[in-house]
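A.B. asks: no sequence for this one, just the structure:
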């Protein structure tokens, strides 16, 4: 499982930003496409909100891979 670390001082990261930071989307528009197509799960459930706030221990699943948000 990959890990995605929050910037120091941040309490959360938005889903679209997380996908870009993890290299799963090339841009905000691409992140939105991936999310709306049903490719993205957060904590095992389909997510369709690009602005969904992710907190430490949340898990993103995409392309058969899992990414855990860490502080």
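C.D. replies: Everything's here; your move. Fair warning: this is a prediction, and the values are worked out from it, not measured in the lab.
A.B. asks: what's near enough to touch the closest residue to residue 56 other than its chain neighbours?
C.D. replies: Distances taken as C-beta to C-beta, 6 or more residues apart in numbering put residue 71 closest to residue 56, at 4.6 Å, once the chain neighbours are dropped. C-beta coordinates here come from the backbone N, C-alpha and C atoms, glycine included. If you count contacts by C-beta atoms under 8 Å, 6 or more residues apart in numbering, residue 71 has them with 5-6, 56.
A.B. asks: check contacts around the closest residue to residue 54 other than its chain neighbours.
C.D. replies: Nearest non-adjacent residue to residue 54, counting by C-beta to C-beta, 6+ apart: residue 69, 4.9 Å away. Going by C-beta under 8 Å, 6+ apart, residue 69 touches 3-4, 6, 13, 18, 54-60.
A.B. asks: repeat that with 6 Å
C.D. replies: Residue 69 makes contact with 4, 54, 56, 58, according to C-beta atoms under 6 Å, 6 or more residues apart in numbering.
A.B. asks: and for the last one, the neighbour number?
C.D. replies: Same thing as residue 58. 19 (other C-beta atoms under 10 Å).
A.B. asks: check which element follows the longest helix along the chain along the chain.
C.D. replies: If you go by DSSP state H, the chain has its longest helix at helix 28-36. Once the chain leaves helix 28-36, the next helix or strand it forms, by DSSP states H and E, is strand 41-42.
A.B. asks: run the chain-centre distance for whichever helix or strand comes after that next one.
C.D. replies: With elements assigned by DSSP H and E, the helix or strand that comes after strand 41-42 is strand 45-46. How far strand 45-46 lies from its chain's middle: 12 Å, per C-alpha atoms, centre = their mean, to the nearest Å.
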